[in-house]
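Engineer: Got a predicted structure here, sequence first:
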Amino acid sequence: MPQINSAHEPNGNPIQFINRTITFVENCLLALSLLVMISLASAQIIMRNFWDSGLAWGDISLSILVLWVGMLGAMVATREQNHISIDVLSRFLPPHLKGVNQIIIDLFTAVVCSLLSYHSTRFVMMEYEDGTIAFESVPAWLCEAIIPFGFGLIALRSAFTCLARCVALIRKTPHQNGASS
C-alpha cells in the first residue's frame, strides 16, 4: 500500500502527494467495494438457500457495486498503464514512431474520457434534480456519481501521461510507465 508523505517535507512534491493520496483512496475504495460486494452476495445466497428470503435491496445494491468496482478497476488500470489496448498499428511502426503513436492514443483517450465525464455529469445532475431513488431511500445520483468521477480521473491521467510522453520525446528520454513516483 502506498505511503502518504506530507507535502510539507523538504523534498515533498505536492503533485506526488496528491497522486499518492488519490492512489490510496482508490485502493481503499476498491478493496472496500469488493469486500462489501462479496459479503452481500454471500449473505443473499445463504439467506435464499436456508431461509427462502433475502434482502429486498440486495440485488440492486450488488448491481451498483459492480458498477463501482468496474469504474474503480478502470481507474487503477489506467494508473498502472495496464488497461486493455487494441493497437494493431504499433506492431508495424518503426521504433521512432511508436512514441508518437502512443501520444496520439493517450490524447484520444483523454478527449473521449473528458466527453464521457462531462455528459455523465449532466446525467447525474438530471438524476439529482429529478430526485430519482435507486433503492430504499438512497438517491440514484449518489450511486451513479462514480461514472463522471471515474472518467474524469482517467481523462486527467491520460492527459498527464500524454504530456509526460511529449516531454520525454522532446528530451529524447524513455517515458516511464505509471503515474506514481
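Structural biologist: Right, received. Where do you want to start? Numbers count the residues shown, from 1 in each chain.

Engineer: Am I right that T173 is in a helix?
Structural biologist: No - if the criterion is DSSP: H, G, I helix; E, B strand; the rest coil, then T173 is coil and not within a helix.

Engineer: what's the longest helix in this protein?
Structural biologist: Secondary structure assigned by DSSP state H gives helix 14-51 as the longest helix of the chain.

Engineer: helices or strands up against that one?
Structural biologist: Identification of packing neighbours for helix 14-51 by 3 or more CB pairs under 8 Å, 6 or more residues apart in numbering; DSSP states H and E yields helix 58-79. From N, CA and C alone the C-beta is placed, and that goes for glycine too.

Engineer: so how far is stretch 131-138 off the chain centroid?
Structural biologist: Computed by CA atoms, centre = their mean, to the nearest Å, the separation of stretch 131-138 from the middle of its chain amounts to 24 Å.

Engineer: what residues does it touch?
Structural biologist: Stretch 131-138 has contacts (CB atoms under 8 Å, 6 or more residues apart in numbering) with 56-57, 60-61, 64, 139-143.

Engineer: Farthest pair within the residues you listed?
Structural biologist: A56 and W141 (21.1 Å; CB to CB).
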